[in-house]
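Chemist: Test case, fold it:
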Amino acid sequence: MKVYRKIINVASIIFLLLLVLFYGYRLVYYYKLEHQPNTNVPVPFHQRLINNKGIEGTNYGLLEDGDGYLYGPKSTDNYVYYVGRLWRIIGLDKDNNIKLITDEGQTILAWEDDKTFKESNIYTWLNKTDDVSSGVFEKSLKETISSNILTNDAYVSLLTRAEFEKIGSDSYLVNGTNFWLAGDNRNYVNANGEVTDETNDYDAFNVRPVIVINSSYNYISGSGTKEDPYIIYAPYKEQLSSTYIGEYLKYNNLLWRIIDTNDNIKVALEGYETSDEVFSYKSNKLNDEEGIGYFLNNDYYNLLENNDYIVPSNYYVGSFDNYSYVNTYNDSVLLNVGLPQIGDFFINSYDNYYTLTPLDSSDETIYVINDHKRLFADFIDEAYQIRPVLYLDKEIFILNGDGTKDNPYEIGR
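Modeler: Reported below is the predicted structural model:
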């Protein structure tokens, strides 16, 4: 009988323990279910970067650097897509402000002889000054985000030699092109990642702007890779007027890239248009009466579907005098279709094609982008490819797409 009671008591204790465990588990489970963290709470972008920092002692990821952070030279997770362009994140300062450099050269420009960086036309192209043709890059960012960019000595700058050398010549900064550095010695990084100051007045290299954004942005999406860059700003866009330079659109079943948004929307064809025409046999000033100018504004224009989307506009045909893009604005011609000019965005994305910028010393010479994607002055009757440029009405609607190359805007009335 005593043995039987012991068995009953043990069984009762086990049963009670099971009840406590069962209901205790249910209590904890449902408590957690009712008190889950709010995943919709915005995460500051800088905090997202810090939370995913790299391992100290390696060359990858965000690494501590004094009071701030710096991306290691072998980083592949520091891409951010911002205002129409792909950037690389350089690092964060002690106040969590984030320094960015464009992954791609935005244009190619020459650096006049005996000029400091702030005196150069590169600085003028980057930042707004008293010159009406200044601030090409600053204006492209648009005033909607101007309050989020720190000015410091300049609204937009270039990477300094010290900054480049700190990260290293074998790093994510080297992209196989020559690009200018900020400074008073006319330094540039060559395609192999070497810093040099051996240049000529006529040398035109890539311009890769550097900006510093404040810590106000929140993380939206992305993992920071080139295929899946961070997204921190995604405004709603209804018409072309709200687009950014660097974005893509489909028009006439062809892919075009936006290269200006100040008035109507200036776009350049991604690729070439086939023609047997040379630039001209008469003049290095583009016009619609002969040569390529006639072909573009008659044969080509008339074949375009919805050519009522195109706005006749001034194309600047001033010469590249003193190797300054500013002088190209000294003359213009009204056309429906033109060509890229020196100082345009992404002018060297393609090679072996005509620009519309003439040489100042000879009316038989025109600048082209040669097979090395460099500026080269050649005769107007030499054969080169044609890359059409046109202005689209800014009031045209965006029907679909996100403006990336893989998903360009689809447009319509």
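Chemist: Look up the closest residue to Lys266, ignoring the ones flanking it.
Modeler: Closest residue to Lys266 apart from its sequence neighbours, by CB to CB, 6 or more residues apart in numbering: Asp260 at 3.5 Å. Where you see a C-beta, it was placed from the backbone N, CA and C, and this is true even at glycine.
Chemist: Verify the stated contact: that neighbour with Thr243.
Modeler: No: judged on CB atoms under 8 Å, Asp260 makes no contact with Thr243 at a distance of 10.7 Å.
Chemist: higher neighbour count, the two?
Modeler: Thr243 (23 against 19; other CB atoms under 10 Å).
Chemist: correct me, but Asp93 touches Leu70?
Modeler: No: judged on CB under 8 Å, Asp93 makes no contact with Leu70 at a distance of 9.9 Å.
Chemist: how about the helices in the stretch 151-300 of the chain?
Modeler: 161-167, 291-295 (DSSP state H, counting those that start in this stretch).
Chemist: For the host helix or strand of Tyr69, name the packing helices and strands.
Modeler: Element membership for Tyr69, per DSSP states H and E: strand 68-71. Contacts defined by 3 or more CB pairs under 8 Å, 6 or more residues apart in numbering; DSSP states H and E place strand 68-71 against strand 62-65, strand 85-92, helix 161-167.
Chemist: Could you please name the strands that strand pairs with and the direction of each pair?
Modeler: strand 62-65 (antiparallel), strand 85-92 (antiparallel) (DSSP bridges).
Chemist: How far away from the center of its chain is the helix or strand just after it?
Modeler: Sequence order places strand 79-82 as the next helix or strand after strand 68-71, per DSSP H and E. Taking CA atoms, centre = their mean, to the nearest Å, one finds the center of strand 79-82 at 8 Å from the center of the full chain.
Chemist: let's number from 11 now, not from 1
Modeler: Happy to do that; since the first residue is 11 now, the last one works out to strand 89-92.
Chemist: Using CSV, write down the CA coordinates of strand 89-92.
Modeler: This file holds the C-alpha atoms of strand 89-92, laid out as CSV (Å, rounded to 0.1, in the frame of the first residue of the first chain):
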residue,chain,number,x,y,z
TYR,A,89,27.7,50.8,-52.3
VAL,A,90,24.8,53.2,-52.0
TYR,A,91,22.3,54.3,-54.7
TYR,A,92,21.6,57.9,-54.1
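Chemist: Tell me which other helices or strands it touches.
Modeler: strand 95-102, strand 240-241.
Chemist: residues making contact with stretch 365-373?
Modeler: If you take CB atoms under 8 Å, 6 or more residues apart in numbering as the criterion, stretch 365-373 is touched by 293-296, 325-331, 337-338, 348-352, 357, 375-379, 387.
Chemist: Weed out the non-buried ones from these.
Modeler: 293-296, 325-330, 337-338, 348-352, 357, 375-379, 387 (16 or more other CB atoms under 10 Å).
Chemist: what about the strands in the stretch 111-260 of the chain?
Modeler: 117-120, 189-190, 198-199, 205-206, 214-217, 220-223, 240-241, 258-261 (DSSP state E, counting those that start in this stretch).
Chemist: Find the nearest non-adjacent residue to the residue nearest the centre of the chain, please.
Modeler: Closest residue to the average C-alpha location of the chain: Arg95 at 2.5 Å, with CA atoms, centre = their mean. With sequence-adjacent residues excluded and distances taken as CB to CB, 6+ apart, Arg95 is closest to Gly256, at 4.3 Å.
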